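Q: Need the 3D shape of this:
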Amino acid sequence: AAAGPVGVAVGAGVGIGVDFALAKGVELARRRDFEADTAAALGTAHAEWRELMGAELARYVDVLVDDAVQLTANAQTSPRE
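A: All right, here's what the predicted structure looks like:
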């Protein structure tokens, strides 16, 4: 009568172990695809961000340089008191 509960416990332990091992195997098999997809998504986001920010930074620098040129020209042409 004692073999019944022990057998159930051992069978449940083996079943859980096999399920865990299969889940880890599937996880490892899919990990490369996940890493490749993540790297591609990050690369795309980085490229888009660089393009958008690069254009905005170039515009900002152009405005600053134009302002600096105008201020310098105004300072040189205005009469000094």
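Q: Give me the neighbour count for Asp66.
A: Neighbour count of Asp66, defined by other CB atoms under 10 Å: 10. Yep, even glycine has a C-beta here, placed from its N, CA and C like the rest.
Q: er, Gly17 I mean
A: When neighbours are counted by other CB under 10 Å, Gly17 registers 10.
Q: That one in helix, strand or coil?
A: Of the three states, Gly17 takes helix under DSSP: H, G, I helix; E, B strand; the rest coil.
Q: Val69 now?
A: helix.
Q: In this structure, where is pLDDT below threshold?
A: Applying pLDDT under 70 to the chain flags residues 1-3, 78-81.
Q: now do 80
A: Where the chain drops to pLDDT under 80, the residues are 1-7, 74-81.
Q: And the helices in it, which stretches?
A: 3-77 (DSSP state H).
Q: Send me stretch 29-49 as PDB with only the CA atoms.
A: Extracted C-alpha coordinates of stretch 29-49, given in PDB (Å, rounded to 0.1, in the frame of the first residue of the first chain):
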ATOM      1  CA  ALA A  29      16.200  26.800 -29.300                       C
ATOM      2  CA  ARG A  30      14.100  30.000 -29.600                       C
ATOM      3  CA  ARG A  31      16.700  32.200 -27.900                       C
ATOM      4  CA  ARG A  32      18.800  32.700 -31.000                       C
ATOM      5  CA  ASP A  33      15.800  33.800 -33.000                       C
ATOM      6  CA  PHE A  34      14.800  36.100 -30.200                       C
ATOM      7  CA  GLU A  35      18.200  37.600 -29.900                       C
ATOM      8  CA  ALA A  36      18.400  38.100 -33.700                       C
ATOM      9  CA  ASP A  37      15.000  39.700 -33.800                       C
ATOM     10  CA  THR A  38      15.800  41.900 -30.900                       C
ATOM     11  CA  ALA A  39      19.100  43.000 -32.400                       C
ATOM     12  CA  ALA A  40      17.300  43.800 -35.700                       C
ATOM     13  CA  ALA A  41      14.700  45.800 -33.900                       C
ATOM     14  CA  LEU A  42      17.200  47.800 -31.900                       C
ATOM     15  CA  GLY A  43      19.300  48.400 -35.000                       C
ATOM     16  CA  THR A  44      16.300  49.800 -36.900                       C
ATOM     17  CA  ALA A  45      15.300  52.000 -33.900                       C
ATOM     18  CA  HIS A  46      18.900  53.200 -33.600                       C
ATOM     19  CA  ALA A  47      19.100  54.100 -37.300                       C
ATOM     20  CA  GLU A  48      15.800  55.900 -37.200                       C
ATOM     21  CA  TRP A  49      16.700  57.800 -34.100                       C
END
